[in-house]
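Participant: sequence and computational prediction follow.
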Amino acid sequence: MCFYNNYKLTMDGPNRPAYQLAIQLVRIGIVAVVTYYCATWIISSVDPTSKTKKKAKRQAQIQLKKLNDITGQGNKLKLSDFNSYELMIASHLIAPADIDISWSDIAGLDAVIQELRESVVLPVRHRDLFQRSQLWRPPKGVLLYGPPGCGKTLIAKAMAKEAGMRFINLDVAVLTDKWYGESQKLAAAVFTLAQKLQPCIIFIDEIEAFLRIRTAADHEATAMMKTQFMMLWDGLLSSSNSSVLVLGATNRPQDLDKAILRRMPTQFHIGPPLECQRLAILQVILQHEQLHPTVDLKRLANLTAGYSGSDLRELCRHASIYRMREYMRNLMIKEGNCIIDVHLVDESELVISMDDLVKSLVNMNLSKVQTGNTYLAKNIDLD
Ligand SMILES: Nc1ncnc2c1ncn2[C@@H]1O[C@H](COP(=O)(O)OP(=O)(O)OP(=O)(O)O)[C@@H](O)[C@H]1O
């Protein structure tokens, strides 16, 4: 008993503070973990971008998986290789296999296509050969400029597809995050992501909205972001082994900062289509449609001076809808309000006629005149 008491005294004596200390440490640990999770939860519920970030992460996951499905085993991309800013940008990623545009979908721009194939696509596809000379390397910046709806986005996508390049369709609104500091991190992420994914195109539509001439009225954060964007771009320019291309499209090249124009030495004007180009565009748009023998595309091309490719597409779409509506109207008169069996649809009655196209043209001209776009008001001889 005496021995036990002595033992307890000696063991409890020195051990007691250590035991207390251990208890304290465990308590501190628990409080730290609880505080961390509470703080994270509060920050994420207060941060209005947290939902967007989660959504972007999910989207990025899908896109990266798609890329992995077509990449070799050794080059698999892992979600953990990217930080949260890169994932925000990766949600705007398009894999070449997902691009449904090829050169054959673009009409009337053969000279531009030829030049882009030789200056950008070939050096990317035959990298080893073109690495031999500094002067053969593809440009790091290309600018497509011209009026809206004339094929700039089509060219960008077809180029990415043919060159097998990953395509970041940069949504500038993502970069202009109102949370100070975020914009710069996102701008940096655009380039680090592109480097990780190369060969890669960073496509910036309406680039003038983002990189317009710097003025004293610029917000400090915007000015810093622009400067940083240019610095990162310079890093790209000085790197000899990166296959990243910044491709900008604009309707207002005069609004672009001179420093940006200097970084995009290869520039192409995609102008309003001429008559022969309009004919080629109409042929491409209507290539899979059934046309009545009365359809005269040459005449239509002549009547559509001032129309962009996008206007021509709208014209054909409306004509096709008129045909469909007329068919439905006649059917309703004949059959009453019944559900139509698609197998019994008489295809010959859905053939687009010249009258449908001219009717669509007259209506479009009218709406253009009403909206002040009078250059399209060409008198149409309906006979
Ligand atoms: N050269 C063309 N060949 C075939 N289709 C064309 C052509 N140009 C335009 N189109 C049609 O017009 C649509 C819009 O073209 P696109 O988006 O490339 O224009 P854009 O120049 O990028 O316009 P924006 O400046 O408004 O972005 C295309 O989806 C296509 O249907």
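Facilitator: Structure's in. What do you need? Residues are numbered from 1 along each chain as shown.

Participant: so how far is D255 from the closest residue to A107 other than its chain neighbours?
Facilitator: Excluding its sequence neighbours, the residue lying closest to A107 (CB to CB, 6 or more residues apart in numbering) is A280, at 3.8 Å. Where C-beta positions appear, they are placed from N, C-alpha and C, glycine not excepted. Distance, A280 to D255, using CB to CB, to the nearest Å: 31 Å.

Participant: check A158 too.
Facilitator: In terms of CB to CB, A158 sits 26 Å off from D255.

Participant: okay, those two: which has more neighbours?
Facilitator: More crowded of A158 and D255, by other CB atoms under 10 Å: A158, with 23 against 13.

Participant: the residue in the stretch 201-350 of the chain that the ligand sits nearest to: how many residues sit nearby?
Facilitator: For the stretch 201-350 of the chain and the ligand, the shortest gap (CB to the nearest ligand atom) falls at G309, measuring 2.2 Å. When neighbours are counted by other CB under 10 Å, G309 registers 27.

Participant: quick one: pLDDT of it?
Facilitator: Note for G309: predicted pLDDT of 94.

Participant: check N330 too.
Facilitator: 77.

Participant: that one sits in which helix or strand?
Facilitator: Assigned by DSSP states H and E, N330 belongs to helix 309-335.

Participant: the residue nearest to A107: which element?
Facilitator: A280 belongs to helix 275-285, assigned by DSSP H and E.

Participant: quick check: which helices or strands does that helix pack against?
Facilitator: helix 297-303, helix 309-335 (3 or more CB pairs under 8 Å, 6 or more residues apart in numbering; DSSP states H and E).

Participant: roughly how far apart are Y19 and L109?
Facilitator: Distance from Y19 to L109, by CB to CB: 81 Å.

Participant: quick one, which of these two is more surrounded?
Facilitator: L109 (25 against 10).

Participant: R262: neighbour count?
Facilitator: Quick note: R262 (other CB under 10 Å) scores 10 neighbours.

Participant: same check on the one 10 residues further on?
Facilitator: If you count neighbours by other CB under 10 Å, P272 ends up with 18.

Participant: before we move on, what about the one 5 residues further on?
Facilitator: Q277 has 20 neighbours, counted by other CB under 10 Å.

Participant: list the residues that contact the closest residue to D98 other than its chain neighbours.
Facilitator: Distance criterion CB to CB, 6+ apart; nearest residue to D98, sequence neighbours excluded, is K66 at 6.7 Å. By CB atoms under 8 Å, 6 or more residues apart in numbering, K66 lies in contact with 95, 97-98.

Participant: and with 10 Å instead?
Facilitator: Residues in contact with K66 (CB atoms under 10 Å, 6 or more residues apart in numbering) are 93-95, 97-98.

Participant: these: which two are farthest apart?
Facilitator: Farthest pair in the contacts of K66 (CB to CB) is L93 and A97. Separation: 12.1 Å.

Participant: out of those two, which sits in the more crowded spot?
Facilitator: L93 (23 against 12).

Participant: the more buried one against N169, yeah?
Facilitator: Yes: proximity of L93 to N169 meets the contact threshold set by CB atoms under 10 Å, at 7.9 Å.

Participant: phi, psi for the most centrally placed residue in the chain please.
Facilitator: Nearest to the geometric centre of the chain sits N169, at 2.1 Å (CA atoms, centre = their mean). Backbone torsions for N169, taken as degrees, to the nearest 10, come to phi -90, psi 90.

Participant: check what pLDDT G149 gets.
Facilitator: The predicted local confidence for G149 is 92.

Participant: now swap in N373 and tell me
Facilitator: Model confidence at N373 (pLDDT) stands at 64.

Participant: do the one 3 residues further on as well
Facilitator: Note for L376: predicted pLDDT of 49.

Participant: re earlier: which neighbours do L93 and A97 share?
Facilitator: Joint contacts of L93 and A97 (CB under 10 Å, 6+ apart) are 66-67.

Participant: in a markdown table: the contacts of K66, plus pLDDT.
Facilitator: Shown next, in a markdown table, are these (pLDDT from 0 to 100):
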| residue | pLDDT |
| --- | --- |
| L93 | 85 |
| I94 | 85 |
| A95 | 79 |
| A97 | 79 |
| D98 | 83 |
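
Participant: circling back to that earlier point, neighbours of the residue nearest to A107, just the number please.
Facilitator: Count around A280 with other CB under 10 Å applied: 20.

Participant: roughly how far does it sit from L186?
Facilitator: In terms of CB to CB, A280 sits 40 Å off from L186.

Participant: got it, and E206?
Facilitator: 17 Å.

Participant: neighbour count: those two, which is higher?
Facilitator: Neighbour count, other CB under 10 Å: between E206 and L186, L186 has more, with 21 against 14.
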